[in-house]
Structure formats: C-alpha cells, structure tokens
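# Here is my input; please provide its structure:
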Amino acid sequence: MRQADSNQTESLLGISWEDELPFGRILNLTTDTIQRINLTNYQLSYRITEPANRICLGYRPGTGNPEEHSTCTKIPEKGRKCEPCTRKDQIFAAGLHHAHTRDRGSLSAEILNHLEQPNYLYVAIFGDGSIKVGTSTARRIGTRLLEQGAFLASIICETSNGLMVRTLEDMITKDLGLVQAISTKRKMKGVLHPLSQTELRETLNNVCGKVSDFLENLALEGYSMILDNWYNPAIESPCWKKVLKYPKNLSNGTHDLTLVSICGRIGVLRRETEAEFYAADLDELFGIIVEVGQFPPEDFTIQGELF
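Numbers count the residues shown, from 1 in each chain. As a prediction, the model looks like this:
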C-alpha cells in the first residue's frame, strides 16, 4: 500500500486512534511483522489477484513470550477472523454487553475488571442526523467517538462503573427510543449528503435535553451529570465538504489512491490525476492480502445515486 519491492504482500488488519490520528495495523507477509503507520495521506497503491485471500483480523505475529501465546490460526476459513479469535471475541462481547443483567458471580475476572472502571454515557450524531446512545470507559471516550465516526456528541453523565452505565443505556433505549448502533450505510449517507453543522447541533441539543431530563428524574444513584460537548476534528478538513462515492470495491482489482482523511472507518480518497474526493468504507480492505506497487489503475465512471 506504498511504493515497495515487487511482489511484496501486505494486509491492513485494522485502524486504531491515538492523539486524534488514525494508525493502521499493517502486516508485512514477507517478514511476518506488523507496523503501526499513520494513515493520513497514506498511499494505497496495490492490486489484488482473484480469488482474494485473507488474514485473520486478530492475528499477532509470535513474540516468543509464552504468556502472549495465541490460538489464532492466521488464515480464517470464512469471515474476517479465524474460529478461535471469533469465539474469544463473541464470549467477551456477550459477557460485557449483558453483564448488568447477570449475577456478578457468573462474570469472568476479565469482564469484572473492565466493569470496575468509571464510564461515560454519551449521545452521538452522524452526518445524516442519525442519533445513538452509547457508552465508553472514561479514559477512552474521545477514541471511542472517533472509532464510531460521529460528527458531534455530548457526554451526558459519568457513572461509577460499567454496570450502571449499561443499565442507563438500556433504560434510555426503552423509554426514549434511542438506538445503540448506527449502520455504516447511514454513516456513508451522512458523509455524502451531510446536514449543516447548525442542523446537527440543534438536533443533538434537543435530544440531549430529553435524555438529561430523563436521567435527572430517575430515583437511582451511581452517576453524575456532565453535559460536555465533543466534535470530530477530521470533518473540518475541506476534503469532507464535497465527497463522491468511490465506485469500485477496495477488495478487488487495482487501485492507486491517496487516503486523505478518515472518519470512523470511512476514508476520503483521491486519485493523483483528479481533483475529486471519494468516500469508501475501509472495512472492504481489512484483512485482504494485496500486492503492493504502482500498477495502472482501472478506469471507472461516476453514476448518480439512486434513491
């Protein structure tokens, strides 16, 4: 995904955020090593030979430390992760998500340790006006909102632990109708056809007012109101002002692109010979093995969206 030696193969296994910057976890198949690389203005120049092959998104090269031993099989038989990694993720995610409805004695030490941290309850809004309620540990709130790809958010309250924040989240969903997840399709719509910042802020403030009133009238303890605003610095870049949908899938064919900016997992891309900016879901590329290098890019035409 950069200029490289011929036949070098790589795979982008995921994105993480640090100091509001997106870093890619890139596996070099030749050396079996992972590099952490800032993806801002990163060159995505590669081709994919059909059929495309994948690497498990949970793969970590061996470190020689028995305490860090992994059962990852590296190559998934189906899906994005191998069976051991998928099973491990599902067990933890299910245990964490439903922890507040279960007896504490049935929870693992790992989940209990995670739940003992202070947590924030937030309300986030995306470019098309879609709103969700969510939770995060206090130390990861900014990172969590960047991962989600929110445009704006309000941190409503802080709870003493993860059990209380999930209880409040479910009550808000049940009583106020706020969903707990927004689809990538809706997030992409918000990138391509965003509402104005004024509209987004007014909508978010209106919903947050209802959530705040609801929480302030609950006969519960274990949380304190905050009402702190957050915004995504990425969307201030001019490249997000007018974006077209990238007409090709990143998981096949040949591409020669610059990854200009990222919001959540949606990237703004640019071709060297063009002035236009394109939006694509980078999830299409996660785990795919690509041959790195400068190859003649395939032609494409832009068609209007059908509604």
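
# Give the bridge partners for Lys245, please.
Counting by DSSP bridges, Lys245 is bridged to Ala279.

# For Glu10, give me its contacts.
Contact analysis of Glu10 by Cβ atoms under 8 Å, 6 or more residues apart in numbering lists 1, 4, 26-29, 46, 289-290, 292. (Each C-beta comes from the backbone N, C-alpha and C, glycine too.)

# And the helix or strand hosting it, how far out from the chain middle?
Using DSSP states H and E, Glu10 falls within strand 9-18. Here strand 9-18 is found 12 Å from its chain centre; the criterion is Cα atoms, centre = their mean, to the nearest Å.

# now stretch 204-220
Remark: stretch 204-220 is offset 27 Å from the chain centroid, using Cα atoms, centre = their mean.

# ok so, going back, for the strand holding Glu10, what is the average pLDDT?
Average pLDDT, strand 9-18: 96.

# Pairing partners for it, with directions?
Strands that pair with strand 9-18, judged by DSSP bridges, come out as strand 21-28 (antiparallel), strand 290-292 (antiparallel).

# so which strand or helix has Arg87?
Element membership for Arg87, per DSSP H and E: helix 83-97.

# I figured Ile289 hits Ile55, correct?
Yes. Counting by Cβ atoms under 8 Å, Ile289 does reach Ile55; the two are 6.3 Å apart.

# So what's the gap between whichever strand or helix holds Asn113 and the chain middle?
Applying DSSP H and E as the criterion places Asn113 in helix 109-115. Offset of helix 109-115 from its chain centre (Cα atoms, centre = their mean): 23 Å.

# same deal with stretch 45-52?
Relative to its chain's centre, stretch 45-52 lies at 24 Å (Cα atoms, centre = their mean).

# For the lengthiest helix in the chain, name the packing helices and strands.
Identified as the longest helix of the chain according to DSSP state H is helix 197-216. In this structure, helix 197-216 makes packing contacts with strand 119-125, strand 131-137, strand 152-159, helix 162-176, strand 223-231, judged by 3 or more Cβ pairs under 8 Å, 6 or more residues apart in numbering; DSSP states H and E.

# Need the contact partners of the second one.
Okay, so that is strand 131-137. Strand 131-137 is touched from outside by 114, 117-126, 144-145, 148, 162, 165-166, 169, 172-173, 178-182, 203-204, 207, 211, with contacts defined as Cβ under 8 Å, 6+ apart.

# pLDDT averaged over that strand - what is it?
Averaged across strand 131-137, pLDDT comes to 97.

# Run the angle between the next helix or strand after it and strand 223-231 for me.
Of the helices and strands lying after strand 131-137 in sequence (DSSP H and E), the nearest is helix 141-148. Per axes from the mean of the first three to the mean of the last three Cα atoms, to 10 degrees, the angle that helix 141-148 makes with strand 223-231 is 50 degrees.

# by contact count, what packs against helix 141-148?
Packing partners of helix 141-148 (3+ Cβ pairs under 8 Å, 6+ apart): strand 9-18, strand 119-125, strand 131-137, strand 223-231.

# Tell me which of those sits most buried.
strand 119-125 (a mean of 25; mean count of other Cβ atoms under 10 Å).

# by how many degrees do that strand and strand 131-137 diverge?
150 degrees.

# Now do strand 119-125: which elements does it pack against?
Contact here means 3+ Cβ pairs under 8 Å, 6+ apart; on that basis strand 119-125 packs against strand 131-137, helix 141-148, strand 152-159, helix 162-176, helix 197-216, strand 223-231.

# Between helix 162-176 and that strand, find me the angle.
Here strand 119-125 runs at an angle of 30 degrees relative to helix 162-176 (the same axes, to 10 degrees).

# Show me the strands paired with strand 119-125, marking each as parallel or antiparallel.
Partners of strand 119-125 in the sheet, by DSSP bridges, are strand 131-137 (antiparallel), strand 152-159 (antiparallel).

# How far off centre is stretch 178-194?
Worked out by Cα atoms, centre = their mean, stretch 178-194 lies 12 Å from the chain centre.

# try stretch 74-87
With Cα atoms, centre = their mean, you get 19 Å for stretch 74-87.
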